[in-house]
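give me a 3D structure for the following:
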Amino acid sequence: MEQQRLAGVSGQGVPGSGYAVGGRLVLTSAHVAGHVGARVEVFHPGGSGMAGGTVVWCGTPAGRDDAALVLVDGDPHWQAPIAPVRWGRMVTDRPGTGCETWGMPDVAQHEGSAVETAQLRGELNPGSGFVGNQYVMDLRQHPPQYSSDGTSPWGGLSGAAVFADRLLIGVWPPTVRTPAARS
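Next comes the predicted model:
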């Protein structure tokens, strides 16, 4: 993953994460971005401002294709990547393939501070989620506690790119399991 490609996406009233996949295109989650034609705001964490964007492709929110592409307006606050992203997919049945994601989950945010990122590591076992055609990411760290209002500490991470080695293989949320959830 390349840190300078990380993006925050604010659309549909839900904050999310994203990843600049080329030029002015940002990959995010459909349930964050909204329908084709919807307007969103994007930014680079630690950057100097927001840029506008338009959803140009959208899968099914909460479906197995919960992804969207946002075309960022020509804006001086947006730094477009130069090199292409390497796309991939799992082509092995070998368990324990390392993976990672970076995003801006609620658990990393602190009131009065700039938007912060979190980097999560895990592994994929291709046999898990096989029938539903989804990746299952087993996280290596214990999950944070849910807040008193019952909201997920992972809120804001939706739309983050999931990488195996240097290949972009998916968009958060894959099906996620944490050490405490294993039996």
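
only C-alpha atoms from now on, for both contacts and neighbour counts.
Will do.

dump the residue contacts of residue 22.
Applying Cα atoms under 8 Å, 6 or more residues apart in numbering to residue 22 gives the contacts 80-85.

equivalent analysis for residue 159, please.
Neighbour list for residue 159: 16-19, 27-30, 32, 67, 171-173 [criterion: Cα under 8 Å, 6+ apart].

now it: how far from residue 145?
Using Cα to Cα, to the nearest Å, residue 159 is found at 21 Å from residue 145.

do residue 125 as well
Residue 125 sits 25 Å away from residue 145, going by Cα to Cα.

centre-most residue in the protein?
Centroid check for the chain by Cα atoms, centre = their mean gives residue 160 as the closest residue, at 0.9 Å.

okay, now the unreliable bits of this protein?
Applying pLDDT under 70 to the chain flags residues 143, 146-148, 150, 174-183.

nearest spatial neighbour of residue 24, chain-adjacent residues omitted?
residue 72 (5.0 Å; Cα to Cα, 6 or more residues apart in numbering).

who does that neighbour bridge with?
residue 53 (DSSP bridges).

what sits against it?
24-26, 42, 51-54, 78.

farthest-apart pair in those, please.
54 and 78 (13.8 Å; Cα to Cα).

next step: the contacts of residue 159 restricted to strands.
Of the positions in those, 16-19, 27-28, 171 sit in strands, assigned by DSSP state E.

ok, and the most crowded of those residues?
residue 18 (36 neighbours; other Cα atoms under 10 Å).

tell me which residues form a beta bridge with it?
Applying DSSP bridges, one finds that residue 18 bridges with residue 7.

in the chain, which spans are helices?
Listed in chain order, the helices of the chain (DSSP state H) span 30-33.

and it, what are its domain boundaries?
3-72, 97-181 (automatic domain parsing).

of the ones you listed, flag the one that's most buried.
Most buried of the domains of the chain by mean neighbour count (mean count of other Cα atoms under 10 Å) is domain 3-72; its value is a mean of 21.
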